[in-house]
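[1] give me a model of this one.
(one chain, ligands or ions: 1)
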Amino acid sequence: MDMDILPGQSLRFPLFLFGLLTLLSWELARPHHPAAPRRGGRWLENLALAAINGGGIALVCYACFFVAAQDLAPWRYGPFEALTLPLPLRLIGEVVVLDLLVYGLHRGYHAVPALWRFHAVHHTDAELDVSTASRFHLGEVAVSGAAKLGAFTLLGISPLGLVVFECAMLLAAQAQHANISLPGRVESVLWWVVVPPAMHRLHHHPERDLTDSNYGTILTLWDRLFGSLRRTDRAPRFGIEGEPTTPQGVVRLLGYPFRARSPRSPERTR
Ligand SMILES: [Zn+2]
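    Sure, this is the predicted structure:
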């Protein structure tokens with residue numbers, strides 16, 4: 001069952017390029033809404049963050065996962081180690097559980113002011129396209145990596161399950177941020193199963209009520225189950241009310257969480 005996690009993780013870069021180029025071609029051929037005329041600055045900013053995250057913290061995290069896979073193996077007696085499930089069933093279970101973890105983390109980033117400061121960097125993008133999927137502060141990448149490492153160890157998630165989840169999450173994130181138009185019927189079906197771009201587009205709307213909704217990454221199930229699903233018609237608008245948007249420059253973005261500003265009130269309850 002075990003596989004070397006680092007070669008598995010090295011799939012990420014070719015997969016990232018595949019998703020980026022495929023969805024960029026789709027955006028050019030069939031955009032959902034007209035793209036902003038000058039997007040070079042945004043793209044540079046978002047791809048620079050991708051390089052920093054990919055080359056720095058992510059590598060440290062994967063090294064941690066590698067150590068955890070090898071050295072913590074004797075202690076990984078979580079439910080997935082204890083249950084002797086057939087491989088496909090185990091992988092599906094692990095992906096679903098990790099997707100729930102990421103849903104919970106995402107709600108946490110919106111609800112806890114100190115975490116929101118980091119996650120807000122993602123929401124300051126003035127447009128939404130496939131490059132937005134790379135726009136994360138490395139502080140957020142580190143927190144998410146630590147949480148996944150905890151789940152990996154405590155729940156006994158397999159290295160293969162983690163790699164499958166990471167690959168699925170990467171492509172799902174790129175697709176849900178892409179400025180692409182889908183046939184109405186396809187989109188209607190997706191709303192019931194996996195997060196379509198229209199659902200995540202509402203999450204990037206500056207209206208607070210919409211920003212604090214539609215947190216899912218892969219499955220729409222969690223938003224349905226926990227009452228955070230919103231489905232409404234809105235003209236595409238992106239960013240955070242009262243906050244500067246792109247392009248700001250990578251250095252300013254990295255310092256963004258540490259700048260003085262009026263604190264965001266905690267998540268409203270619905
Ligand atoms: Zn968010």
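[2] shaky segments in this structure?
    1-9, 37-38, 56-77, 244-247, 260-270 (pLDDT under 70).
[3] report the contact partners of the spatially most central residue of it.
    The chain has Ala173 as the residue nearest its centroid, 5.3 Å off, counting by C-alpha atoms, centre = their mean. By C-beta atoms under 8 Å, 6 or more residues apart in numbering, the residues touching Ala173 are 133, 217. Bear in mind the C-beta positions are built from the backbone N, C-alpha and C, glycine included.
[4] now name the helix or strand holding it.
    Using DSSP states H and E, Ala173 sits in helix 159-177.
[5] with Ala36 instead?
    Using DSSP H and E, Ala36 maps to neither a helix nor a strand.
[6] how many neighbours does it have?
    Residues near Ala36, counting by other C-beta atoms under 10 Å, number 14.
[7] I'd guessed it sits against Leu128; true?
    No: using C-beta atoms under 8 Å, Ala36 is not in contact with Leu128, being 10.2 Å away.
[8] the residue nearest to the centre of the chain and Leu128, how far apart?
    Using C-beta to C-beta, to the nearest Å, Ala173 is found at 12 Å from Leu128.
[9] ok, now His204?
    Distance of His204 to Leu128, given as C-beta to C-beta: 5 Å.
[10] how about Val121?
    The gap separating Val121 from Leu128 is 14 Å, by C-beta to C-beta.
[11] which one's more surrounded, these two?
    Neighbours per residue (other C-beta under 10 Å) separate Val121 from Leu128, with Leu128 holding more: 25 against 22.
[12] what residues are up against the more buried one?
    177, 179, 201, 204, 236, 238.
[13] tell me which element the third one falls in.
    Read that as Arg201. Going by DSSP H and E, Arg201 is part of helix 197-203.
[14] counting contacts, what elements does that helix pack onto?
    helix 159-177, helix 184-192, helix 208-211 (3 or more C-beta pairs under 8 Å, 6 or more residues apart in numbering; DSSP states H and E).
[15] re the thing from before, need the overlap of contacts for His204 and Leu128.
    Listed as contacting both His204 and Leu128 by C-beta under 8 Å, 6+ apart are Phe238.
[16] in JSON lines: the helices and strands packed on helix 197-203, plus distance to Leu105.
    Converted to JSON lines, the helices and strands packed on helix 197-203 look like this (distance: least, C-beta to C-beta, whole Å):
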{"stretch": "helix 159-177", "distance to Leu105": "12"}
{"stretch": "helix 184-192", "distance to Leu105": "22"}
{"stretch": "helix 208-211", "distance to Leu105": "16"}
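[17] which of these sits most buried?
    Of all the helices and strands packed on helix 197-203, helix 159-177 carries the top mean neighbour count, a mean of 21, counting by mean count of other C-beta atoms under 10 Å.
[18] my guess is Pro196 meets Gly184, correct?
    No: applying C-beta under 8 Å as the test, Pro196 and Gly184 come out as separate, 10.7 Å apart.
[19] my guess is His204 meets Asp125, correct?
    Yes: counting by C-beta under 8 Å, His204 does reach Asp125; the two are 7.3 Å apart.
[20] list residues touching both of those two?
    Common neighbours of His204 and Asp125 (C-beta under 8 Å, 6+ apart) are 132, 238-239.
[21] out of those, who's the most crowded?
    With neighbours defined as other C-beta under 10 Å, the most crowded of these is Thr132; it has 25 neighbours.
[22] skip the chain neighbours and tell me the closest residue to it.
    Leaving aside its chain neighbours, Thr132 sits nearest to His177 (4.3 Å; criterion: C-beta to C-beta, 6 or more residues apart in numbering).
[23] circling back: okay, the angle between the helix holding Ala173 and helix 184-192?
    Between helix 159-177 and helix 184-192, the angle comes out at 130 degrees (axes from the mean of the first three to the mean of the last three C-alpha atoms, to 10 degrees).
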